[in-house]
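[1] Could you work out the structure for the sequence below:
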Amino acid sequence: MRSTAPFLEARLPAAESGRLIELAHSSDGFLRILANWENILRSGLNSGEQLQDYFALCLACHHATVATFVPTDVDTKIRGIVWRESREPDVLRPMLRVALSARGWTEEGISIRAVRGVSGHNVEHWSAIAGGMGRLLELGDTVAAAEAQAAIESEIDREQAVFDEVAAEQGAELDLLRLSMTLAHNRGDLSQGMGFWKRTPLTAPLMEHLATRGRFAPAVRIYQHTGLSAEGHRHYPLRPVKVLRRSPATLLPLCPFLDEWGGTVAQLEESHEVLAALVTGCEKVQGQQGYYRAIAGMRAASPGRFERAATRMPNAAQRLLRGGEMRKLIDVPRVSFESMMRKRARAALAMFG
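    Alright, predicted model coming up:
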């Protein structure tokens, strides 16, 4: 967390003496956990208590970094591995309560990817809840599992309702595309959360039920038909650029709508590092358009700074930037690009909506 989101250090609250699992139940619960992570090391905790606090720590780290450039790699732990470290429902139920409380953790300052109140963070939480649900069902705790299922179903209904509302709204095509990308991602992570379940006569029907309920079929079809699926990559080209990690101002929005973000990073002293990563990323990630839009946004914000940044790039990146195809794509005005994406959205909605 300190490496990928060092700006959170200034937001950490004062030290508290409580168990990590007890600090989770507020909107800044993840920050309270991160501020007091060393509490997990104190003597006197039994193995079940250590497991609970470790789960809370992993959940907090994941929430804090999943929308940054280098997310902490604990998703498989909170979706399955940690849940399987105990067979005691009395140990697992408090973990489920933490996972349920985490839905109320703020995303302010850690993500700019929410669209009409829907974000990828939503499914990061429900996939952790799904992991607990499967384990509790396996151990016969149907009451706690039913609470988890109700939370998942409620979130599916909420996200679908937001999508339907935006689909019916005139002039909301770009938000519709952003939502389609988000819901397509959320569907996949729900499936991954159930991937740790043992298939039994009790769990198998629920797996099928939730897979159907969380299918978001129109959103996924729009996501695929409009070319957005090429944007759903992990942004490996941008991960080595440490200047992007210093401030929440440079958090990446949903692709491909990166013109404004390009204007922001154009003001950085190290903008040449960002530009070089974007240029090489255009070559590495085939089919995506977001990096071209970010480059166009950098140039539109400050042509002079852009040219100076270009001359500071490595020679290989400079040659790529001078290429005819790249110049053609970054020369497309923002208004023209977004108009094209609006037309694609309307066409896809007419086909699949």
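[2] going forward, measure contacts and count neighbours with C-alpha atoms only.
    Noted.
[3] Quick check: residue 238 vs residue 273, distance?
    9 Å (Cα to Cα, to the nearest Å).
[4] same question, residue 180
    Residue 180 is 31 Å from residue 273, by Cα to Cα.
[5] more neighbours, these two?
    residue 180 (26 against 21; other Cα atoms under 10 Å).
[6] which outside residues touch the strand or helix carrying the more buried one?
    Using DSSP states H and E, residue 180 sits within helix 173-194. Helix 173-194 is contacted from outside by 79-80, 115, 118-120, 122-124, 126-131, 134, 159, 163, 166-167, 207, 211, 214-216, 219-220, 222-223, 228-229, 232, 254, 338, 341-342, 345-346, using Cα atoms under 8 Å, 6 or more residues apart in numbering.
[7] For the next helix or strand after that helix, list every residue counted as buried.
    Following helix 173-194 in sequence order, the next helix or strand is helix 203-213 (DSSP H and E). Neighbour-count burial for helix 203-213, counted by 16 or more other Cα atoms under 10 Å, picks out 203, 206, 207, 210, 211, 213.
[8] how many other residues sit next to the spatially closest residue to the third one that is not a sequence neighbour?
    Setting aside the residues directly before and after it, residue 207 is nearest to residue 194 in space (Cα to Cα, 6 or more residues apart in numbering), at 6.9 Å. Residue 194 has 26 neighbouring residues, counting by other Cα under 10 Å.
[9] Same question for the helix holding residue 180: list its buried residues.
    Buried residues in helix 173-194, defined by neighbour count with 16+ other Cα under 10 Å: 173-187, 189-194.
[10] Just the helices from the stretch 1-150 of the chain, written as ranges.
    29-35, 47-65, 75-76, 89-101, 120-138, 142-167 (DSSP state H, counting those that start in this stretch).
[11] and the end-to-end length of stretch 249-257?
    Using Cα to Cα, one end of stretch 249-257 lies 16 Å from the other.
[12] Kindly provide the whole-number mean pLDDT of that stretch.
    The pLDDT scores in stretch 249-257 average 97.
[13] Can you list the neighbours in contact with it?
    For stretch 249-257, the external contacting residues (Cα under 8 Å, 6+ apart) are 67-69, 110-113, 178, 228, 231-232, 244-245, 261, 264-265, 288-291, 293-294.
[14] at 6 Å instead, please
    Defining contact as Cα atoms under 6 Å, 6 or more residues apart in numbering, one finds that stretch 249-257 is touched by 112, 113, 231, 244, 289, 290.
[15] Can you add distance to residue 151 and give those back as a markdown table?
    Shown next, in a markdown table, are these (distance: Cα to Cα, whole Å):
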| residue | distance to residue 151 |
| --- | --- |
| 112 | 24 |
| 113 | 22 |
| 231 | 29 |
| 244 | 35 |
| 289 | 36 |
| 290 | 34 |
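[16] Restricted to strands, list the residues you listed.
    In strands, judged by DSSP state E, none of the contacts of stretch 249-257 are found.
[17] quick one: which of these is most hemmed in?
    residue 244 (24 neighbours).
[18] Which pLDDT does the model give that residue?
    Predicted confidence (pLDDT) for residue 244: 98.
[19] Quick check: chain neighbours aside, which residue is closest to it?
    Leaving aside its chain neighbours, residue 244 sits nearest to residue 250 (5.7 Å; criterion: Cα to Cα, 6+ apart).
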